[in-house]
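Undergrad: only geometry, no sequence info:
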């Protein structure tokens, strides 16, 4: 049998993606660490907006994943011109969509925040308003960068997005330090560098895509001239993915608003723990991004058994990485939480949240990496249905039962989430093991 990828090719694809994910997590941690010097109101305000931003970024990633699948399938089938057209159309639809979204968030800033987090304290809300305005300005640039990065990934080239991400995040962190510690800014000292760094990343990735040295490069006519057939193919995958992400992260926003009702200490502990556990998702997010390309190219080449084989291999790699990261977080729990300047019961609660989450990651790969296989194979509607039902029935429904009815603390919000993971794992694993390609 001729294998589409050897071990070196897989590692060449995954390692830059892991490095890119590390950079994203480091920037997120650096933002929270720097903002924590401004007080827990600032930490909470940034956390509330980040829950909105994470929703947007996940929806954007889901849409670009649709473009990645279409482009990678064309490449697997050796249809190069169609791959280039799909890449141009991806840039077109994501940029247009985020321009409209950015305008909505800027115009409805405080009203949107009050609608979602109406019970937040006034100081927390003021910080959130400032941060949301600045991050909204950066959304079209984020769309250009993410779309461009997905086009390179569809070709199996993950090194480019890693290098651009490195530059973006160095600028972001340096700008945070200068604005907060050098210029004495508040929350705006985190938001302004975000806008600048994303502008530079967008410009860089578009410049690189225009180079004819790339296997798939962008031509002007493929971006500004709509191609309804290509757009439809992207949207048939991207829309279910985006709906799944939107409904999933809307549920997370509802959970965030539930946590807010437990007080500022619970909100701050939840924010810090949520920031730290992003390290746990790091290898899985990287592997999932690689798996989209791998499975899509396998399906384009009609190598269905190889698609399943590579999926199993990638999940095993994820478990190996998780064993190291989870152990480090559990053993050094007090140290990691201590970095965020939390005190008293807030710090203790953050430590409990972190430990519980690390232990529960035993379930996560089977619940969240397997869906990448189904999306790349054209079954995005199936993954959307499972994710949405499980999310709202268990994670949201049980969280409200535990907190509002049973009067439990913030730790039980994550217990509800773990039950959601188990449900997903059972469904996805049973279908993956079933007969078929």
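TA: Yep, it's here. The structure displayed is predicted, hence computed values, not measured ones.

Undergrad: quick check: closest non-adjacent residue to residue 262.
TA: Excluding the flanking residues, the one nearest residue 262 by CB to CB, 6 or more residues apart in numbering is residue 410, at 5.5 Å. Using the backbone N, CA and C atoms, a C-beta is placed for each residue, glycine as well.

Undergrad: residues contacting the one you found?
TA: 259, 262, 266, 269-270, 349, 353, 403 (CB atoms under 8 Å, 6 or more residues apart in numbering).

Undergrad: could you do residue 361 as well?
TA: Residue 361 neighbours (CB under 8 Å, 6+ apart): 280, 322, 326.

Undergrad: related to what we said a few turns ago, closest one to residue 10 out of the contacts of residue 410, please.
TA: residue 353 (33.8 Å; CB to CB).

Undergrad: residue 411 is in contact with the closest one, correct?
TA: Yes - between residue 353 and residue 411 there is a contact under CB atoms under 8 Å: 6.1 Å.

Undergrad: who's more crowded, these two?
TA: More neighbours surround residue 353 than the other of residue 353 and residue 411, with 25 against 18 (other CB atoms under 10 Å).

Undergrad: residue 236 versus that one, what's the distance?
TA: 38 Å (CB to CB, to the nearest Å).

Undergrad: ok, now residue 58?
TA: 19 Å.

Undergrad: more crowded one of the two?
TA: Using other CB under 10 Å as the criterion, residue 58 and residue 236 rank with residue 58 on top: 18 against 15.

Undergrad: so what's the more buried one closest to, chain neighbours aside?
TA: residue 245 (4.1 Å).

Undergrad: thinking again about what came up before, relative to residue 290, which of the contacts of residue 361 is nearest.
TA: residue 322 (16.1 Å).

Undergrad: my read: that closest one touches residue 283, true?
TA: Yes - in this structure residue 322 lies within contact range of residue 283 using CB under 8 Å: 6.6 Å.

Undergrad: who has more neighbours out of these two?
TA: Each of residue 322 and residue 283 has its neighbours counted (other CB under 10 Å); residue 283 has more, 25 against 20.

Undergrad: just list what the helix or strand hosting the more buried one packs against, helices and strands only.
TA: For residue 283, the element it lies in under DSSP states H and E is helix 278-300. Where contact means 3 or more CB pairs under 8 Å, 6 or more residues apart in numbering; DSSP states H and E, helix 278-300 is packed against helix 7-36, helix 40-76, helix 139-154, helix 304-331, helix 364-368, helix 370-376.

Undergrad: in a markdown table: those helices, plus mean pLDDT.
TA: Shown next, in a markdown table, are those (pLDDT from 0 to 100):
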| stretch | mean pLDDT |
| --- | --- |
| helix 7-36 | 75 |
| helix 40-76 | 77 |
| helix 139-154 | 86 |
| helix 304-331 | 91 |
| helix 364-368 | 93 |
| helix 370-376 | 90 |
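
Undergrad: okay if I get those as CSV plus distance to residue 195?
TA: Shown next, in CSV, are those (distance: least, CB to CB, whole Å):
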stretch, distance to residue 195
helix 7-36, 13
helix 40-76, 12
helix 139-154, 8
helix 304-331, 31
helix 364-368, 30
helix 370-376, 31
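
Undergrad: which one of the ones you listed lies nearest to residue 426?
TA: helix 364-368 (8.8 Å).

Undergrad: for that closest one, give me every contacting residue.
TA: So helix 364-368 is contacted by 280-281, 284, 288, 315, 318-319, 322, 421-422, 424-425, 428-429 (CB under 8 Å, 6+ apart).

Undergrad: closest to residue 68 out of the residues you listed?
TA: Of the contacts of helix 364-368, the one sitting nearest to residue 68 (CB to CB) turns out to be residue 288, at 11.1 Å.

Undergrad: shouldn't that closest one be in contact with residue 372?
TA: Yes - Residue 288 is in contact with residue 372 according to CB under 8 Å; the separation is 4.3 Å.

Undergrad: tell me the helix or strand right after the lowest-mean-pLDDT helix or strand in the chain.
TA: For the chain, the helix or strand with the lowest mean confidence is helix 220-224, at a mean of 58 (criterion: mean pLDDT, DSSP states H and E). Once helix 220-224 ends, the next helix or strand along the chain (criterion: DSSP H and E) is helix 228-260.

Undergrad: for the next helix or strand after that following helix, name the packing helices and strands.
TA: Once the chain leaves helix 228-260, the next helix or strand it forms, by DSSP H and E, is helix 264-276. Applying 3+ CB pairs under 8 Å, 6+ apart, we find helix 264-276 packed against helix 7-36, helix 40-76, helix 228-260, helix 333-338, helix 344-360.

Undergrad: contact partners of the shortest one?
TA: Contacts with helix 333-338, where a contact means CB under 8 Å, 6+ apart, come from 272-273, 276, 329, 347, 350-351, 354-355.
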